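A.B. asks: Predicted coordinates and the sequence they were generated for:
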Amino acid sequence: MALRNFEPYFPDRPPTWVEVIGTVATVGFLLPDLVADIDSHTVAAAGFVLFLLALPLKAVEDWFHRIGMAGRFLFIAGVFMGVQLVTELAPQLTPLLIDASTGGLLATLLYFTAFLARERTVSGWTATREPAE
């Protein structure tokens, strides 16, 4: 049974195994090094707050569904290429970018943990657009 007070802020379905495994793998491989290398706690906190505010927005979820799997791939590839471009052209901004990304990853972990705790179950491997009962 899901907590109803937070219903508008989470997807209307339980998390999938792909999401759980992806979150655990990302947190296990990336987070320890990123947290250890934070240079500016202020920038990390700003990234955390901005991501935490953006994650529950229905418009963000709808946009990700509208662009489809190919669009998501292109978006993620574009982010990676943009980060590489910043690293090459403005190396002094790299620590700020890493700190903001670390804050965003921490916010995503908090959001997903709350989502998982709210649902208390994991569905199959892929999400459907059908609402959960």
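C.D. replies: Yep, that arrived.

A.B. asks: The chain: helices as residue ranges?
C.D. replies: For the chain, the helices defined by DSSP state H cover 17-29, 31-36, 41-54, 58-89, 94-119.

A.B. asks: Report the angle between the longest one and helix 94-119.
C.D. replies: It refers to helix 58-89. 150 degrees (axes from the mean of the first three to the mean of the last three C-alpha atoms, to 10 degrees).

A.B. asks: quick one: residue 11 from residue 104, how far?
C.D. replies: Distance of residue 11 to residue 104, given as C-beta to C-beta, to the nearest Å: 19 Å. For glycine as for every other residue, the C-beta is placed from the backbone atoms N, C-alpha and C.

A.B. asks: Which one's more surrounded, those two?
C.D. replies: Neighbours were counted for residue 11 and for residue 104 using other C-beta atoms under 10 Å; residue 104 has more, 20 against 17.

A.B. asks: now what about stretch 27-42, what contacts it?
C.D. replies: Residues outside stretch 27-42 that contact it (C-beta atoms under 8 Å, 6 or more residues apart in numbering): 44, 95, 96, 98, 99, 101, 102, 105, 106, 109.

A.B. asks: Now the last one: closest residue in space, sequence neighbours ignored.
C.D. replies: Counting by C-beta to C-beta, 6 or more residues apart in numbering, residue 27 is the residue found nearest to residue 109 once chain neighbours are left out, at 5.8 Å.

A.B. asks: Tell me how many other residues crowd the one you found.
C.D. replies: There are 17 residues near residue 27, going by other C-beta under 10 Å.

A.B. asks: Roughly how far does it sit from residue 21?
C.D. replies: 11 Å.

A.B. asks: residues in contact with the residue nearest the centre of the chain?
C.D. replies: Geometric centre of the chain, nearest residue: residue 108, 4.0 Å, by C-alpha atoms, centre = their mean. Applying C-beta under 8 Å, 6+ apart to residue 108 gives the contacts 23, 51, 55.

A.B. asks: and if you look at residue 110?
C.D. replies: If you count contacts by C-beta under 8 Å, 6+ apart, then residue 110 has residue 52 around it.
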